Structure formats: structure tokens, C-alpha cells
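>>> need coordinates for the following:
(4 chains)
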There are 4 protein chains.
Amino acid sequence: MSVPTTVSTAHIRVRYPETDRMGVAHHTHFFVWFEVGRTEYMRDRGCPYSELEKQGLFFPVVEAGARYHRPVRYDEELRVETSLEEVTAARVHFAYRLVRPPAGELLASGFTVHAAVDASGSPRRIPPEVRHRLLACEASE
Amino acid sequence: MSVPTTVSTAHIRVRYPETDRMGVAHHTHFFVWFEVGRTEYMRDRGCPYSELEKQGLFFPVVEAGARYHRPVRYDEELRVETSLEEVTAARVHFAYRLVRPPAGELLASGFTVHAAVDASGSPRRIPPEVRHRLLACEASE
Amino acid sequence: MSVPTTVSTAHIRVRYPETDRMGVAHHTHFFVWFEVGRTEYMRDRGCPYSELEKQGLFFPVVEAGARYHRPVRYDEELRVETSLEEVTAARVHFAYRLVRPPAGELLASGFTVHAAVDASGSPRRIPPEVRHRLLACEASE
Amino acid sequence: MSVPTTVSTAHIRVRYPETDRMGVAHHTHFFVWFEVGRTEYMRDRGCPYSELEKQGLFFPVVEAGARYHRPVRYDEELRVETSLEEVTAARVHFAYRLVRPPAGELLASGFTVHAAVDASGSPRRIPPEVRHRLLACEASE
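Residues are numbered from 1 along each chain as shown, chains lettered A, B, ... in the order given. Predicted coordinates:
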């Protein structure tokens, strides 16, 4: 089921150990920031991921990708914009944009695809109420 | 210029802090292991990346992606197989396979694309002798 | 020169990859959070560390330690309290407390000692105005 | 019970993302390398930590510290020497030296203290056979 894209926003500040000897943030940490964005997206829709795990629903990453447009430096405050691209019976697909406020210059973009599994790692269908919450166009208060 | 794929092999052992509370290695660390593989690939061809940087040639990642096929656990010894997919005047494209010895079960696969830049981050052509070494079908002794 | 302890406060939220397969945050990440606290301490006193580095003053860690009192879990919002314990001609000593709001339960405590060096790693005296700012009892506005 | 110090050796190579913009390995990663050394120490004595965890015995870190003597750079091959300082009914104390082969120049030294707990985090006595194995002066084959 394809969905109208609604965006959640998270803020990160680049930490010193996230930089490498090239003087800029290392590419692996962008995926950590995407996860910060995803955590906020789910919390915004009233289904925090920590709660899903308590209910035995896990979303391991089965595919991930990123494009890096501009370098990012120590102590910069950046914005992660997360949207839900698609949710099927057993998969969730998120997209991310890392931008520099206030102008919103695009620094990197990326995506992750997640399988729904139980605590033992076996495939599990995403419960309808979780799907509905994830799909909500408006973040819950 | 497209090249016959020649593979370099690196070995990693999954470290405790590379696991997450799902009990398996977190997806971001696979990109760190790919980098370990890439470092070995370049060393094998007689152009260690640390030497390239001393000569003012840097290869920041401009695109990266991975598919995760099977979970990976603490203390497992795994093999990273790295190949050079393509090298152009200003870009290098590597591919990676993470496999479990001895059978060689495929755990994850991925790629990175790198731009050639100088110390200031400006685009730079890849010097011919670096290209030739990277393209060498046989690893140098 | 010993100083009256004045505290700066930073907030962190535990990220998923900061947890390990024991289900709690791995002990190494506490040092990353201490660094987040230290960055805020220095910004609060009007001498952001990124500015010091631009002036050729670096503070590599020469000693670090931590005591871990209680486990910390994914998605918890925690507070890092940073204080300056001592500043000499060539060293700075910070102390940290990681606490859980709102009660302020102590989760971990630690310290770092830093040498002042220049870009080449040679010892350097801490300039008087940097020392005065670091020692300021009140955070600057 | 105090023990004659017997050393296990592990080898690490500094990874690119372990460096920071100061051009050297960030201090937090030394604790990761210490853990690599500890894992080898336990494996050498016939009680791999992954096996202990399967038996419901966990060793979370309750205290850790390090002194940094010399900077460490990308792609260096280093040696971690791990020794058991003390083991009591409920605690294990390890010490570490990070050295640069072949001369064995000391780069950093450190320690960790671990509490023995069960899967729920409750204190647990260290079983006698685990203590005896950890104390073994000779690494098992």
C-alpha cells in the first residue's frame, strides 16, 4: 500500500567521534542518524519502536542505501526528515533526507527496508493497528 | 572502464559492541567491515589507501548500499570479499560480499561508490598508475 | 588551579546501535556521551571546542575513567552533567555524571583528562583567555 | 584471590572510522580493542565469553579506565595484551596494554572490572570451574 508522504523531523548534532581523519563525518554514521529519524517517526505516530519490541514485533533492516551530497562537520546541528514510503504485510520502507538548517540544503538522502519478525527472527505479519498508525498522515499529539 | 572482477579477502570477527539488543550485529557495522575489505583490496594491489592519502588523493564515499540476508552474531569469524566493479576518471566502485566460512554462506552484500578528491575536497582525476594498480587482476605480492 | 564546580547540562537519548546484545547500552558509548557533555560545557562558556581547534588548540584525551552504576536502555532520555575539575598550564580535567530525569538517579560517573597540544601534537600552553573562560562559574549567555 | 599475571595476545588493525578529525584513533575505540583482547583471553582459557552467556553468566563492565600514551593512526597493526588481575566471588578484573610491534612500544594501558550477573541482571556467584579456567596460568590449546 503506497502512502502520501508525511514527514517527521529529528535533530542531531555531529559528535566528535563521528568524524574521521578526513575531517568530516564518516559515512556509516548517517545510517545511525537515519535510525534516530525513524525512531522519532514511529514515536510521532503513537507506536514507539521500543513498545513494538515489547509486543514481540521487531523490524530488522534487510536493505539500506544512501547518497552523500555534501560533507558534514563536527558540531553541526542537522535535521533528519523521515517519511514512510511503503508498508506491506511484512515489510516497511522508510526514506530519509539529511538537511542543514535553516535553508534546508540537502546533505544526504537514504532509505531502509525492514522485515517484520518475531523475537526468534521468524517472519511475522504487521498487525493492522500498527500499520494504520505508521500510515497516519498526521503525527499524533 | 569495466573490469574483470578480482576478489580480495579480509577476515573479521564480530565484536561485542557491534551487536545490538536484537542480539545480532547492527546493520551499520557491515559498512565498517566493507571498509576493512576495501582497505585490504587496495593494499593487495600495492596502493594502500593510507599511501594515497599521503599523496593527496582521497576517496570519500558518495553512495553506499547493502542487502542483509542472514543475521550475524557475536564472535563469529566472517570473510569479506571485495571486488572492484568499475573505475572511471574520477570515481571508483567497489562491491562486497560478507560470507560465513567454510561453506561461504552469503550473509550480506553491498557496494560503495567513491569520488576522487584532493585534501580540500575538490574533484581530482585518478592518476593513471593508481588506476592501473586498482585494476590489476592479480593481487601484488 | 582548583575551581568551584559549575555544571553544564546536556541531553542525550540512547540510540539503538548504542545497545548491545545484553539489552543495555554498551559501556564505550558513555564516553561518547561524556564528550557531548564536554562540548556543551565549552560552548556554554563561550569557547566552543570547534573554535579552539580553528585556533590550533587541541585537547586529546590522556586519561579517562568511568563507573557504571545502573544499566541504561534504548530510547531513554538522559542528562549529562559536566563540570571542570581542574585546569593547569597544559591540562584540563573534566568530570561527568550521567543521570536519569526527573529524579536525577545516578547511572554512571566518569572523568577525562586532556593535554593541550597544537595541530602537530606538540604540547602547548593553554592561553590565559581560554583558561579564564573555562573557569567561569557562570555559563555565558 | 590474586593471581600470577598471564597474558593473552590479540591483534587489531586500526579502522578508518575509528579515527577522528584530529587524525588519530578516538579514545573510545581503545575500550573496544580491550574487549577484543578480553574475548581472546577467555577463549584462550577454554571459556569463551559467548559460551558463558549461553550458560546465563554475564560480565557487564562496572568500572573502566585508560591512559593514553601515544597517538595511534589508521591502518596500524597493534597488539592488545590482556591479563587477569583478580577474580573474586562476584567480580573479575582485567588489565590491558596496547603496544606497537615489533618493539612493543606502549601506546595505552587500561583496565575493566566486571560484575557477574544472570540474564536478568541480578548478581550471581562465578561458578568454581569458570574461576579456575580464568585463573589458569597457561592458555589452553
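>>> can the host helix or strand of A:Tyr41 be found next to chain C?
Assigned by DSSP states H and E, A:Tyr41 belongs to helix A:28-44. Yes. Contact between helix A:28-44 and chain C, assessed by CB under 8 Å from any CB of the partner chain, occurs at A:32, A:35-36, A:39. (Each C-beta comes from the backbone N, C-alpha and C, glycine too.)
>>> turn the residues you listed into CSV, including neighbour count.
Formatted as CSV, the entries for the residues of helix A:28-44 next to chain C read as follows, by neighbours: other CB atoms under 10 Å in any protein chain shown:
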residue, neighbour count
A:Val32, 17
A:Glu35, 25
A:Val36, 19
A:Thr39, 22
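>>> got a list of what the residue nearest the centre of chain A touches?
With distances taken as CA atoms, centre = their mean, the residue of chain A nearest its centroid is A:Arg38 (2.8 Å). If a contact means CB atoms under 8 Å, 6 or more residues apart in numbering or on different chains, then A:Arg38 has A:49, A:82, A:94, A:96, A:112 as its contacts.
>>> closest approach to chain B from chain A, which residue is it?
Using CB to the nearest CB, the closest approach of chain A to chain B is made by A:Gly65 at 3.5 Å.
>>> what bridges to that residue?
With DSSP bridges as the criterion, A:Gly65 is bridged to A:Phe111, B:Gly65.
>>> surely it touches A:Ala108?
No. Look at A:Gly65 against A:Ala108 with CB atoms under 8 Å: they stay out of range, at 10.8 Å.
>>> so between those two, which is more surrounded?
A:Ala108 (24 against 17; other CB atoms under 10 Å in any protein chain shown).
>>> what sits against that one?
A:Ala108 is in contact with A:30, A:66-70, A:72, A:96-98, counting by CB under 8 Å, 6+ apart.
>>> which of the helices or strands spans the residue nearest to A:Leu52 when sequence neighbours are not counted?
What sits nearest to A:Leu52 in space, not counting adjacent residues and going by CB to CB, 6 or more residues apart in numbering or on different chains, is A:Val130, at 6.7 Å. When secondary structure is defined using DSSP H and E, the element that contains A:Val130 is helix A:128-135.
>>> angle of that helix against helix A:28-44?
Here helix A:128-135 runs at an angle of 110 degrees relative to helix A:28-44 (axes from the mean of the first three to the mean of the last three CA atoms, to 10 degrees).
>>> so which bits of helix A:128-135 are buried?
A:130-131, A:133-134 (16 or more other CB atoms under 10 Å in any protein chain shown).
>>> and stretch A:91-110, by the same measure?
Counting neighbours by 16+ other CB under 10 Å, the buried set in stretch A:91-110 is A:91-99, A:107-110.
>>> from the residues you listed, which is closest to chain C?
Where the buried residues of stretch A:91-110 are concerned, and distances follow CB to the nearest CB, chain C has its nearest neighbour in A:Phe94, at 13.6 Å.
>>> wait, is that closest one part of a helix?
No. When DSSP: H, G, I helix; E, B strand; the rest coil is applied, A:Phe94 is found to be strand, with no helix at that position.
>>> any idea what it is bridged to?
In this entry, A:Phe94 is beta-bridged to A:Leu84, A:Thr112, by DSSP bridges.
>>> next one, pLDDT for it please.
Reported pLDDT at A:Phe94 in the predicted model: 98.
>>> give me every residue in chain A lying close to chain D.
Residues of chain A that fall close to chain D, judged by CB under 8 Å from any CB: A:16-17, A:19-24, A:26, A:28-29, A:74.
>>> try it again with 6 Å
Contact residues, chain A versus chain D (CB under 6 Å from any CB of the partner chain): A:16-17, A:19-21, A:23, A:26, A:28.
>>> from those residues, list just the buried residues.
By 16+ other CB under 10 Å, these give A:16-17, A:19-21, A:23, A:26, A:28 as buried.
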